[in-house]
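Chemist: the sequence and its predicted three-dimensional model are supplied below.
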Amino acid sequence: MTEGPAPFPLVLSAPSGAGKSTLVRELRRRNRDVAFSVSATTRAPRPDEVDGEAYYFVGEPQFREMIDDGELLEWARVHGHFYGTPVSELRKVQARGHHLLLDIDVQGARQVRRRVPEAVLVFILPPSGTALVHRLAGRGTESADALEKRLRNAEDEIHAAREFDYVVVNDRLDAAVEELEAVLRGRAGPPRRLEGLDGTVARLCAEIDRELGPDGPVERLRQEERR
């Protein structure tokens, strides 16, 4: 095992389109003592999903009992289904001397901070608002209205970066992963915000707003839908 501080939960949050999933995958590949959290959910499993691997699939009454009994580090209701991180995941991973990696939204990160003060929260920012918009629009999986809503939510999440212990800009994959490893191994120093964070947040949101304007990809998609 790589030397470093005692195991702690590492929470990563980011707006959609910031490349967080790629960072998570690469961080786990490089660090064998980083375990990814398996969440509980009330949604039905897909054909290729195995209970206990992709998710713990439970009924809504059981999930509500888990909430009432304090068995979840964090939870949320998304698109009509409950999702949450069992406390047992943290205990199981830390018993092995590993760090628990949680890939969750801002709301979940706030809950983890209240429940587990030793957790370290890292917010991932995209290099530009333009890059984020074009990455999401390029997926071609959402309507114009849904895409606009996702981008407005992204702006709200970007403003929440100020609440996190560390902020990493995902401009170059290797550099971003190295920054996360520095946090993981206790080499990043005390919690610190990105220098000039307020200006960066303002710039990113202004770029997203510009892309949401009449000449941006969302409006072009909306016009295509009307044809």
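Modeler: Received the coordinates, thanks.
Chemist: element containing residue 201?
Modeler: Using DSSP states H and E, residue 201 sits in helix 197-211.
Chemist: so which residues make contact with the lowest-mean-pLDDT helix or strand in the chain?
Modeler: Least confident helix or strand, the chain: helix 217-226 with a mean of 88, by mean pLDDT, DSSP states H and E. Contacting residues not belonging to helix 217-226 are listed as 133-134, 137, 143-145, 147-148, 151, 211-213 [CB atoms under 8 Å, 6 or more residues apart in numbering]. Where C-beta positions appear, they are placed from N, C-alpha and C, glycine not excepted.
Chemist: is it true that residue 121 touches residue 113?
Modeler: Yes - Residue 121 is within contact range of residue 113, at 6.3 Å (criterion: CB atoms under 8 Å).
Chemist: okay, the two: which has more neighbours?
Modeler: Each of residue 121 and residue 113 has its neighbours counted (other CB atoms under 10 Å); residue 121 has more, 24 against 19.
Chemist: can you read off the pLDDT for that one?
Modeler: Per-residue confidence (pLDDT) for residue 121: 96.
Chemist: so it, which state does it fall into?
Modeler: Counting by DSSP: H, G, I helix; E, B strand; the rest coil, the backbone at residue 121 sits in strand.
Chemist: ok, what's across the strand from it?
Modeler: Residue 121 has the following beta-bridge partners by DSSP bridges: residue 11.
Chemist: for it, give its distance to residue 11.
Modeler: 5 Å (CB to CB, to the nearest Å).
Chemist: any residues in contact with both of those two?
Modeler: Common neighbours of residue 121 and residue 11 (CB under 8 Å, 6+ apart) are 109, 112-113.
Chemist: quick one: distance of the strand or helix carrying residue 138 to the chain centre.
Modeler: Using DSSP H and E, residue 138 sits in helix 129-139. In terms of CA atoms, centre = their mean, to the nearest Å, the centre of helix 129-139 is set 17 Å apart from its chain centre.
Chemist: quick check: what element follows it along the chain?
Modeler: That would be, after helix 129-139 and using DSSP H and E, helix 144-159.
Chemist: so what strands line up beside the helix or strand just after that following helix?
Modeler: Beyond helix 144-159 on the C-terminal side, the first helix or strand identified by DSSP H and E is strand 166-169. In the sheet, strand 166-169 lines up against strand 120-125 (parallel) (DSSP bridges).
Chemist: relative to helix 144-159, how tilted is the partner strand?
Modeler: Relative orientation of strand 120-125 versus helix 144-159 (axes from the mean of the first three to the mean of the last three CA atoms, to 10 degrees): 130 degrees.
Chemist: all set, thanks.
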